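In: my questions are about this predicted structure, shown below with the sequence.
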Amino acid sequence: MIALGKALHVAGLAVWCAGLLALPLIIHLYGRHPRIRTQAGFAEFRLLAHRAYTRLVTPAAILAIAAGTALIFLEGLRDAWLMAKLATVAGMVLIHAWLGHVISRTGEGAGQYRLPSPLPALVALVVLMALTLWLVLAKPDLAPLAERLPDWLRQPRGRELAPPLVPI
Ligand code: HEM
């Protein structure tokens, strides 16, 4: 079961990471090309970016995250390196969502939307992916670092939920 979980996890994250690196390049090279001003160029860019995002990269992200979450429970992991890894993965998820926002605005903006440069996102993704891989492969002992966190981040506070947050 663990082997199957890892196989699904690695297959999913290989496609997810490749897609996350490819999308900013597609947005930069196609989305800023003068051909985007023609109907055919715009249709080509929309099909490539939209379909890649919705049919390939997002499903792969869901598979990688679902299999990774299952692995946490299968292996009973709670180490500090895993928490740090989840923080770097959260950064990747935020950039994933931002790329989706940019791609949908290009379709809905009726040609008026000025594409922001996706290159800073590309650099951040490379750094986050390298950090994630280092954390999971080297499994550094981060316990001393975790102990230096403020108390309110390490201990349950035992406080009541604010009334608007209490489920019905
Ligand atoms: C929410 C997302 C994720 C979760 C919950 C998660 C969780 C896990 C867990 C629990 C393991 C098993 C660790 C072990 O057995 O030592 C694992 C393995 C692995 N993860 Fe993730 N992971 C996530 C995303 C990622 C991402 C984005 C990458 C790469 C950029 C990645 C790379 C790897 C690799 C390479 C392994 C195999 C390590 C080994 O077997 O030695 N994971 N992941």
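Out: Sure thing, it's come through.

In: from here on, just use CA atoms for contacts and neighbour counts.
Out: Will do.

In: so, low pLDDT: which residues of this protein?
Out: 110-112, 168 (pLDDT under 70).

In: kindly report the residues of it close to the ligand.
Out: Within the chain, the positions lying close to the ligand (C-alpha under 6 Å from any ligand atom) are 13, 65, 68-69, 71-72, 86, 89, 129, 132-133, 136-137.

In: let's have these in a markdown table, adding secondary structure and neighbour count.
Out: Shown next, in a markdown table, are those (DSSP: H, G, I helix; E, B strand; the rest coil; neighbours: other C-alpha atoms under 10 Å):
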| residue | secondary structure | neighbour count |
| --- | --- | --- |
| L13 | helix | 21 |
| I65 | helix | 18 |
| G68 | helix | 19 |
| T69 | helix | 13 |
| L71 | helix | 19 |
| I72 | helix | 13 |
| L86 | helix | 14 |
| V89 | helix | 18 |
| M129 | helix | 17 |
| T132 | helix | 21 |
| L133 | helix | 13 |
| V136 | helix | 13 |
| L137 | helix | 10 |
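
In: now do the helices in this structure.
Out: Assigned by DSSP state H, the helices in the chain fall at 2-29, 39-51, 58-75, 80-108, 119-138, 143-147, 151-154.

In: how far does the second one sit from the chain's center?
Out: Going back to what we said before, that points to helix 39-51. Relative to the centre of its chain, helix 39-51 is centred 23 Å away, using C-alpha atoms, centre = their mean, to the nearest Å.

In: quick one: closest of the helices of the chain to V166.
Out: Closest approach to V166 among the helices of the chain (C-alpha to C-alpha): helix 151-154, 21.1 Å.

In: CA atoms only for the closest one, dumped as CSV, please.
Out: Only the C-alpha atoms of helix 151-154 are listed here, as CSV (Å, rounded to 0.1, in the frame of the first residue of the first chain):
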residue,chain,number,x,y,z
ASP,A,151,4.9,29.3,22.5
TRP,A,152,1.6,30.2,20.8
LEU,A,153,2.7,28.3,17.7
ARG,A,154,3.6,25.1,19.6
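
In: find the centremost residue of the chain, please.
Out: Among the residues of the chain, the one closest to the centroid is V93, at 2.4 Å (C-alpha atoms, centre = their mean).

In: mind checking how far it is from L56?
Out: Note on V93: its distance to L56, by C-alpha to C-alpha, to the nearest Å, is 15 Å.

In: count the residues that sit near the closest residue to P116 other than its chain neighbours.
Out: In space, and not counting its chain neighbours, P116 is closest to V102: 8.0 Å by C-alpha to C-alpha, 6 or more residues apart in numbering. Neighbour count of V102, defined by other C-alpha atoms under 10 Å: 18.
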